[in-house]
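Chemist: output the structure for:
(one chain, ligands or ions: 1)
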Amino acid sequence: MRAASFANPIIPGFNPDPSIVRVNHDYFLVTSSFEYFPGAPIYHSTDLAQWKLIGHALTRTSQIQIQTPEPGGGVWATTLRFHNGTFYIVAASFEHYRPQEDDRVWPLGFYVKTDNIWDSDSWSEPVYFDQVGFDQDLFWDDDGAVYLSCTRRKLHRTPGANLKDFAIHICTVNLETGASTSKARLIRDSTSAVSEGSHIFRRGKYYYLFTAEGGTESGHSECVCRSDQSPFGPWEPGPNNPLCHNGGQDDVQNVGHADLVEDEQGNWWAVLLAVRPVRKSEDKWESSVFGRETFLVSVDWVDDWPVFNQGRKICLEATSQKLVKHNDSVVWTDRFSAPKLELGWYRKNTPRKQDFSLTEKPGYLRLYGAPYRLCDPACPTMFLRKQTHRSCKWETRLSFLPSTAYTEAGTVVWMDYFTHCSIGIRLKHPANNQTADDITYKDSHLQRIIRFSPPAGSGSDIVEWQLTSFHSDVILQVECGSKYRFGFREFSDKSESCDKDQDQTIWVGEVANEVMTRPPPIGAQFTGVMLGLYALGEYHPCSTPADFHHVHFTNYG
Ligand code: 6LW
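Modeler: This next block holds a predicted model:
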């Protein structure tokens, strides 16, 4: 019996490179976290269709340091495995994304482990391997040997070969030390010059090697090889490769990077990444603001070869069964009343110092702004959540009196440090004849303003709006749909709900989805849009905190 019907994506919002295990009745799944901290989000399900974030494997600064990554840097392609009562996550972390150009910046693979996946604090410190590469996978053979496979530029390339030439290499490793115990051998390269995302399994008498081929964009696909001898091969390519490939006119695109799991009834399933761009007309598409998300397909075995989704294209409605709603509630609210931040808030980069508090002003998230701008590669004081629905509304209430004209706090729609858009509270002297350093609160000309900052280079202008009160809290709002619309209103105690006072909102700016999804000038766009809260000083310390009273995130569809 197949599991319950489901709707794709099974995990919406940016969640690529999914890797999955089943332990008795429970499924656990991990996805790539890139430049965001904590890293390696772990999801749980009992039916493969409804998933819940239960924690992260990389929660301590001693485990992961991501300091000034290019967009798309950080932790790539985590593989989750369970062996003899222990969970392992194996990955690599890029600071700079130039794999095509320079072997010297390729990261070492590493793993972390735990016996209790429900406790994020229990994950070990990393053990590093001595092999460079990305998309690491671990496989335990029956004789006890542990195989590490990963992607790297082809060893021993012939002169003139495509510099990209990403291919799968494998060696045995000593898990205690991370040291290789055999030479790395090339086991899979493809005519597309890109083989990555390897996962190895044993089923019956065969070893199976699954690989993502053709790059993660429109050429993306999934292939399989099998061997009846060893993970070193020889490997026989599947007769029906690729197992999946959707075209540029399909509602679901860029499918690939699969990992497999067998359910308790003996059915097999694959989780993989895909994107869902929005069709604007017959042949016009708008890029997905979610980036690459996690999808699920059925796997059947014919002559001991896997068949994905019964050989059909992957779509949003799984094998035309009844849709199941995603398990995230329509309105998600954080009132910052718990002693710890709720799961699902992310920092960009590994923070260097404690710059927030949930206890100093109970019922508020208090942020002490770092002395960086949002467009800097360093770590800003910023807390982000993934956008999971196209149509949604974000609202927060902010209490903030800036200490200098360099300080700002507010709410942001974020893709990366090149492309983001914010609305925040600042100080301004209208005469503009004083340097910001001279500004003091005694100056009666001083204004507190709202500043809307569109993405740099978007062609839109900064908009400023004077607040009537110097001390009022301000409600900041973002409406998401085919564009992001930014608004605010000053808060009075009489008006708690934003919906009641919607008509008083002053809408100061908007940015089209096309702008938010433009590729960064350096690095890679591997992630999706997030919404968040920030406080900043432009290379100056922020001596007054920004206090956020709540976030309501209402998802419509
Ligand atoms: C992932 C790799 C890839 O590790 O994108 O283009 C990387 N290919 O398989 C980041 O998701």
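
Chemist: what residues does the stretch 401-550 of the chain put near the ligand?
Modeler: Within the stretch 401-550 of the chain, the positions adjacent to the ligand are residue 526 by C-beta under 6 Å from any ligand atom. Every residue, glycine included, has its C-beta placed from N, CA and C.

Chemist: all helices for the stretch 401-550 of the chain, in order.
Modeler: 513-516 (DSSP state H, counting those that start in this stretch).

Chemist: where does it have low pLDDT?
Modeler: Along the stretch 401-550 of the chain, the parts satisfying pLDDT under 70 run over 432-444, 493-502.

Chemist: can you name the residue of it nearest the ligand?
Modeler: Closest approach between the stretch 401-550 of the chain and the ligand, counting by C-beta to the nearest ligand atom: residue 526, at 4.7 Å.

Chemist: so that residue makes contact with residue 292?
Modeler: Yes - assessed by C-beta atoms under 8 Å, residue 526 is found in contact with residue 292 at 7.0 Å.

Chemist: what residues are shared contacts of the two?
Modeler: Shared contacts of residue 526 and residue 292 (C-beta atoms under 8 Å, 6 or more residues apart in numbering): 14, 16, 216.

Chemist: out of the residues you listed, who's near the ligand?
Modeler: Within the shared contacts of residue 526 and residue 292, those near the ligand by C-beta under 6 Å from any ligand atom are 16, 216.

Chemist: among the shared contacts of residue 526 and residue 292, who's most crowded?
Modeler: In terms of neighbour count, residue 14 stands highest of the shared contacts of residue 526 and residue 292 at 29 neighbours, by other C-beta atoms under 10 Å.

Chemist: re earlier: between residue 526 and residue 292, which has more neighbouring residues?
Modeler: Taking neighbours as other C-beta under 10 Å, residue 526 and residue 292 compare with residue 292 leading, 31 against 23.

Chemist: let me see the contact set for the more buried one.
Modeler: 14-17, 216, 254, 273-275, 526, 528.

Chemist: which bits of this structure sit near the ligand?
Modeler: For the chain, the residues in contact with the ligand (C-beta under 6 Å from any ligand atom) are 16-17, 32, 76-77, 134-135, 196-197, 212, 215-216, 257, 526.

Chemist: about what we covered before: so what's the residue of the stretch 401-550 of the chain closest to the ligand closest to, chain neighbours aside?
Modeler: The shortest distance from residue 526 to any non-neighbouring residue, by C-beta to C-beta, 6 or more residues apart in numbering, is to residue 72 (4.1 Å).

Chemist: for residue 14, see how far away that neighbour is.
Modeler: 11 Å (C-beta to C-beta, to the nearest Å).

Chemist: which neighbours do those two share?
Modeler: Shared contacts of residue 72 and residue 14, counting by C-beta under 8 Å, 6+ apart, come down to 526-527.

Chemist: pLDDT on stretch 179-191, on average?
Modeler: What stretch 179-191 shows for mean pLDDT is 92.

Chemist: neighbours of residue 469, how many?
Modeler: 11.

Chemist: so it makes contact with residue 490?
Modeler: Yes - using C-beta under 8 Å, residue 469 is in contact with residue 490, at 6.1 Å.

Chemist: can you tell me how far residue 24 sits from residue 408?
Modeler: Going from residue 24 to residue 408 by C-beta to C-beta gives 50 Å.

Chemist: can you give me phi and psi for residue 310?
Modeler: The phi/psi pair for residue 310 (degrees, to the nearest 10) reads phi 50, psi 30.

Chemist: please read the previous query as pertaining to residue 105.
Modeler: For residue 105, the backbone dihedrals are phi -100, psi 10 (criterion: degrees, to the nearest 10).

Chemist: mind checking how far it is from the ligand?
Modeler: 15 Å (C-beta to the nearest ligand atom, to the nearest Å).

Chemist: over to residue 357?
Modeler: 34 Å.

Chemist: now for the closest residue to that residue other than its chain neighbours, how many residues are close by?
Modeler: Of all residues not flanking residue 357 in the chain, residue 366 sits nearest, at 4.5 Å (C-beta to C-beta, 6+ apart). Residue 366 has 19 neighbouring residues, counting by other C-beta under 10 Å.

Chemist: ok, residue 257 next?
Modeler: As a burial measure, residue 257 scores 30 neighbours (other C-beta under 10 Å).

Chemist: please apply the same query to residue 305.
Modeler: Counted with other C-beta under 10 Å, residues neighbouring residue 305 total 17.

Chemist: my guess is it contacts residue 225. True?
Modeler: No - Residue 305 is not in contact with residue 225 according to C-beta under 8 Å; the separation is 10.2 Å.

Chemist: which residues do the two both contact?
Modeler: Residues touching both residue 305 and residue 225 (C-beta under 8 Å, 6+ apart) are residue 238.

Chemist: quick one: the helices in the stretch 251-400 of the chain?
Modeler: For the stretch 251-400 of the chain, no helices are identified by DSSP H, counting those that start in this stretch.

Chemist: would you map the strands across the stretch 51-200 of the chain?
Modeler: Along the stretch 51-200 of the chain, counting by DSSP state E, counting those that start in this stretch, strands occupy 52-58, 74-83, 86-94, 108-114, 127-132, 134-140, 146-153, 166-172, 185-188, 195-203.
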